[in-house]
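Asker: build me a model:
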Amino acid sequence: MTGTDPVWALERIAFLLERDGAPTYRVRAFRTAAATVAALRGDELLRRHRTRTLTELRGIGVTTAAVVHQSMQGGVPDYLAVLEERGRVEHTPAGQALRETLRGDCHLHSDWSDGASPIETMAFAARDLGHQWAVLTDHSPRLTVARGLSPERLRVQLDRVTELNAALSSFRLLTGIECDILSDGSLDQDPELLERLDIVVASVHSGLRSEAAAMTQRMVTAVRHPRVDVLGHCTGRLLTGRGRPESAFDAAAVFAACAETGTAVEINCRPERADPPRRLISQALREGVDFAIDSDAHAPGQLDWQILGCVRAAECGVPEERVINTRSADELLEWSRRRRQRG
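Answerer: Predicted coordinates:
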């Protein structure tokens, strides 16, 4: 048998659909088909290819069968070729160069909160993209719409990450959380648990239209907390659908607090966020802050969005030494430990 590996082709299509923001059911159809094909024994795949009986198998439809047939005939399946072309990102040389320095991703979600895939699937996808580490940052309790983790569920998740790391080689999944910044600037998780986590991303998800003075105080209080390592998607804006405007706050005051405490400002790579905008990246850079270029991925294919943030960061002149993702896992943890001591 010659041609493209059909299991790889089906998985690659699922990955690209996720990167394109396709509905979960479409992604799942290709992953289910990939699992069905991978489970075939002996020469059954070749026999069904020759007799065109793949659609008799549970989990394989007309579209996924066509991908398998075209893979086995040689070349790239039409569906895959279309997705590869449609998903092509315009990489600037500087953006690509910055992307190649990244060793990890500080912000990703699993199906323990509002992500689409199990923890191990997200970890393996990050590893396969060339990362040395990634931080699992599912949501905190009050974000109920995203199935935020209660203290009890977070404790169970910490044990699960320990088990997974024991089975991984040349990759490390770090523990973390995307913790809601509450209206008074406090954090939405038990202090004892926050101390156990490797990295804490703190984000505002509610009251996004608060007056500027209140929002500024809220964010400054949060970034001064010794357990906040990264300020997530600071403006809260959304660019697609009905959209959402930027929250009003005193950026100079917030970024000055980040620079003083060593809290990194996130360059969120989700296309519908692209948060903060370039003018605020440039302002934060002038204030002397560090940055975290994060995918905020909710599915494996979305991990590939980091290049979008790298392009924006490079356009604003962010040097790699100011990006915490360029550090090894041990260096990142040491950076976080020193920050806590300063607090």
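
Asker: now I119, nearest residue through space, not along the chain?
Answerer: Closest residue to I119 apart from its sequence neighbours, by C-beta to C-beta, 6 or more residues apart in numbering: S110 at 4.5 Å. Where C-beta positions appear, they are placed from N, C-alpha and C, glycine not excepted.

Asker: should've said R153
Answerer: Nearest non-adjacent residue to R153, counting by C-beta to C-beta, 6+ apart: W112, 7.0 Å away.

Asker: quick one: residues contacting the one you found.
Answerer: The contact partners of W112, by C-beta atoms under 8 Å, 6 or more residues apart in numbering, come to 119, 138, 147, 149, 153, 157.

Asker: roughly how far does the nearest residue to L10 once chain neighbours are set aside sit from R103?
Answerer: Closest residue to L10 apart from its sequence neighbours, by C-beta to C-beta, 6+ apart: A34 at 3.8 Å. Counting by C-beta to C-beta, to the nearest Å, the gap between A34 and R103 amounts to 29 Å.

Asker: over to E120?
Answerer: Separation of E120 from R103 (C-beta to C-beta) stands at 20 Å.

Asker: also A329?
Answerer: A329 is 8 Å from R103, where distance means C-beta to C-beta.

Asker: list residues touching both of the two?
Answerer: Residues touching both A329 and R103 by C-beta under 8 Å, 6+ apart: 132-133.

Asker: how long is stretch 227-247 from one end to the other?
Answerer: Counting by C-alpha to C-alpha, to the nearest Å, you get 23 Å between the two ends of stretch 227-247.

Asker: now it, how far from the centre of its chain.
Answerer: Centroid separation for stretch 227-247 versus its chain: 15 Å, with C-alpha atoms, centre = their mean, to the nearest Å.

Asker: may I see the buried residues of it?
Answerer: Neighbour counts over stretch 227-247 (16 or more other C-beta atoms under 10 Å) mark 227-238, 244, 246-247 as buried.

Asker: gap between stretch 154-167 and the chain center?
Answerer: Offset of stretch 154-167 from its chain centre (C-alpha atoms, centre = their mean): 19 Å.

Asker: list the contacts of it.
Answerer: Identification of contacts with stretch 154-167 by C-beta under 8 Å, 6+ apart yields 112, 119-120, 123, 136, 138, 149, 172-173, 175, 177, 189, 193, 196.

Asker: adding distance to A66, write those residues out as TSV.
Answerer: TSV is the format used below for those (distance: C-beta to C-beta, whole Å):
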residue	distance to A66
W112	35
I119	32
E120	30
A123	31
L136	36
D138	36
L149	40
R172	39
L173	36
T175	42
I177	42
Q189	47
L193	48
R196	49
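
Asker: list buried residues within those.
Answerer: 112, 119-120, 123, 136, 138, 149, 172-173, 175, 177, 189, 193.
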